[in-house]
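>>> Sharing a sequence plus its predicted fold:
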Amino acid sequence: MTDQKELLQKKITSFLADDGLELFDFKIKMRQGVADVELFIDRPNGGISLEECAKINREINTFIEEEGFYGDDYTVSVSSPGLDWPLKTMRDFQRVIGFDVEVQLDSEDVKKILKQKGTLVSVDEQTVVLETSKGRVKVLLENIKQAILMI
């Protein structure tokens, strides 16, 4: 990571911590000489407002201008991970505890993909627990190929 990107990420993390928010993803893409700074932020258990995204956007724009990182050739977009955000990490699953999810698992014996739907009850560093129509099911995070929030 470049020094400029590291400094920007530290500042973003600081802005977010002040408001009890977390950084889910951070990218800087260069397109025809224009820097596109893209952030996905949220509360640890979800529930960020549009006003909070706008506030963080203003803070980042001010910081970039003060530091002179990209001159006038940049854009900043700040948004929440949204309902279609893929659930991959423990932190992703923590945001949706109490909601219905669908997980796709790799079956080692015949390389099939198995699906499991249920309400997310809990998650830790290794396991996701779902309440299904047939009872509680524990799934190892490492066995999840794909997981989505059911809308």
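That came through, no problem.
>>> got the contact list for the residue most central in space within the chain?
The centroid of the chain falls nearest to Phe24 when counting by Cα atoms, centre = their mean (3.5 Å). By Cβ atoms under 8 Å, 6 or more residues apart in numbering, the contact list for Phe24 reads Phe40, Ile41, Asp42, Pro81, Trp85, Arg91, Asp92. Using the backbone N, CA and C atoms, a C-beta is placed for each residue, glycine as well.
>>> From those, which land in strands?
Using DSSP state E, the members of the contacts of Phe24 that fall in strands are Phe40, Ile41, Asp42.
>>> Nearest to Ile97 among those?
The shortest gap between Ile97 and any of these belongs to Asp42, at 13.6 Å (Cβ to Cβ).
>>> Show me how the protein divides into domains.
Domain ranges of the chain: 3-79, 90-149, per automatic domain parsing.
>>> Columns mean pLDDT on top of these, output as CSV?
Shown next, in CSV, are those (pLDDT from 0 to 100):
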stretch, mean pLDDT
domain 3-79, 90
domain 90-149, 87
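>>> For stretch 77-90, buried residues please.
If you call a residue buried by 16 or more other Cβ atoms under 10 Å, then stretch 77-90 has these buried ones: Val78, Ser79, Ser80, Pro81, Trp85, Leu87.
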